[in-house]
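>>> from the sequence below, what's the structure:
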Amino acid sequence: MKLTTIEEQLLFSTLRIESLDEKDEVVSIGTGFLIKREVHPQEYVVYLVSNKHVLFASDKIRLTFTQKDTSGQEPEIGKTMTFPISDIVKNLHIHSNPSVDIAVMSVTGLFISFPFLFFKAIGYEMLADFAEEELSVAQNVAFIGYPDNRFDQKNNLPLIRTGVISSHPKVNYNNEPIFIIDAQVFPGSSGSPLIINLSVEHWKTGNITIGGTPKIKLLGVVAATMIRNNKLQSLSTSKSSVLSTQEVIGLGIVYKSTALKEIIDAIPISSVR
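From the prediction side, this is the model:
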């Protein structure tokens, strides 16, 4: 399968995270995605990014990757390999602000040891800094993941869902490094990357730029959904058993990519492998 669009490539930046107990039984499911950062010329580190409540759910997770085809350049759809990863908690990096629900772990060594795994990491330079002139409220966004543990199991492909920026993204909602999206965020979507095509959104306002590449940015990490239970509250999207008795109101909470960048920037280069 030849990937011709950025949206197609994003399907392979996202991973289904299965948290396992001591008997290797699945206790929860969430979403993670890969970030690639250049640390030296032509030398990169690859991070797995998700929510703290996903990666701290247990000390062992399981990831499933699509393998490369015979060309070594494209994915061979349907051909997969699954890896259990143990002792992850001690390798997690979190934000200095304990309320930030993001965790990061280097997985560079995995791809060095198994070079036949296919992946497309989101570039570090794609992280939005929220100073983008084109960025505003009521713009369309997309997030990739495994809502309610639904995905293309035969071909190991996640689902892309869409929404609209509900609170102004350049203003910290309730003084936290988050903003709100109008979207149905279901269990399993925790840790999903939230993407915006600023070129398209800028064009919709009547501002046309001729030529150039699409300006696609990672706005943040989906963390929770809001529910109605006499009052408005947030709920971890990995706790599907709770949602069955609550009413989802269609609002999702997203931690900003600026908080993610602060975590990555604080990781010593010597500890990236």
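
>>> neighbours around the residue nearest to residue 11 when sequence neighbours are not counted, how many?
Residue nearest to residue 11 in three dimensions, not counting chain neighbours: residue 157, with 5.6 Å by CB to CB, 6 or more residues apart in numbering. Just so you know, the C-beta spots here come from the backbone N, C-alpha and C atoms, and that holds for glycine as well. Neighbourhood size, residue 157 [other CB atoms under 10 Å]: 18.

>>> what's the answer for residue 153, then?
10.

>>> swap in the one 3 residues further on?
By the other CB under 10 Å criterion, the neighbourhood of residue 156 contains 22 residues.

>>> now swap in residue 197 and tell me
Neighbour number of residue 197 under other CB under 10 Å is 19.

>>> torsion angles phi and psi at residue 261?
When read as degrees, to the nearest 10, the backbone of residue 261 gives phi -60, psi -40.

>>> so how far is the host helix or strand of residue 62 from its chain's centroid?
Residue 62 belongs to strand 60-68 when assigned by DSSP states H and E. Computed by CA atoms, centre = their mean, to the nearest Å, the chain-centroid distance of strand 60-68 equals 15 Å.

>>> any idea which helix or strand comes after that strand?
Defined by DSSP H and E, the subsequent element after strand 60-68 is strand 75-86.

>>> touching that next one from outside, list them.
Contacts with strand 75-86, where a contact means CB atoms under 8 Å, 6 or more residues apart in numbering, come from 1, 3, 12, 20, 24, 59-70, 107, 110, 114, 117-118, 154-157.

>>> now these: which count as buried?
Buried members of the contacts of strand 75-86, counted by 16 or more other CB atoms under 10 Å: 3, 12, 20, 59-63, 65-69, 107, 110, 117-118, 156-157.

>>> quick check, distance from the host helix or strand of residue 27 to the centre of its chain.
Residue 27 belongs to strand 26-40 when assigned by DSSP H and E. The chain centroid and the centroid of strand 26-40 are separated by 7 Å under CA atoms, centre = their mean.

>>> partner strands of it and their direction?
Pairing partners of strand 26-40, with direction, according to DSSP bridges: strand 14-20 (antiparallel), strand 43-50 (antiparallel), strand 122-123 (parallel).
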